[in-house]
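Trainee: no FASTA, just this:
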């Protein structure tokens, strides 16, 4: 499965337009429900569940600039998130430092990375 753009926001010359990116892991059940609530200023991309999701997002982020947010919808567990075929957690986060920095470079000064998944923030480590 290739990475797909499901819906792309219309880009206007206005500098006040807030641009967001929603990354959705294709293995999340009923992800279509999430898509119904996505705002018009948000580009939505569906990840390939069989490939490294962290790397997929890094490649997507490399071509984006001044994003207000990167919203990631994926499976989660206490202090970890499963993105594509990869689990990101407190034990392996350093391994992905360069890819995660690429994500950050796509954001504007006040931009945020938002994780949506069950139990990601659960427990003391979360």
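Mentor: In hand now; what should we look at? Treat the numbers as computed from the prediction; the structure is a model and nothing was measured.

Trainee: Give me the contact list for stretch 74-90.
Mentor: Defining contact as CB atoms under 8 Å, 6 or more residues apart in numbering, one finds that stretch 74-90 is touched by 23-25, 27-28, 47-57, 72, 96, 115-120, 122-123, 125-126. C-beta coordinates here come from the backbone N, C-alpha and C atoms, glycine included.

Trainee: Mind giving me the ChimeraX select for the residues you listed, buried ones only?
Mentor: This is how ChimeraX selects the buried members of the contacts of stretch 74-90, with burial counted by 16 or more other CB atoms under 10 Å:
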select :23,24,25,27,28,47,48,49,51,52,53,54,55,56,57,72,96,116,117,120
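
Trainee: Out of the contacts of stretch 74-90, which sit inside strands?
Mentor: 23-25, 47, 72, 115-116 (DSSP state E).

Trainee: quick one, what contacts residue 120?
Mentor: Going by CB under 8 Å, 6+ apart, residue 120 touches 76-81, 126.

Trainee: Would you mind giving me the PyMOL syntax to select the buried ones in those?
Mentor: In PyMOL syntax, the buried subset of the contacts of residue 120 is picked out as below (16+ other CB under 10 Å):
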select buried, resi 76+77+79+80+81
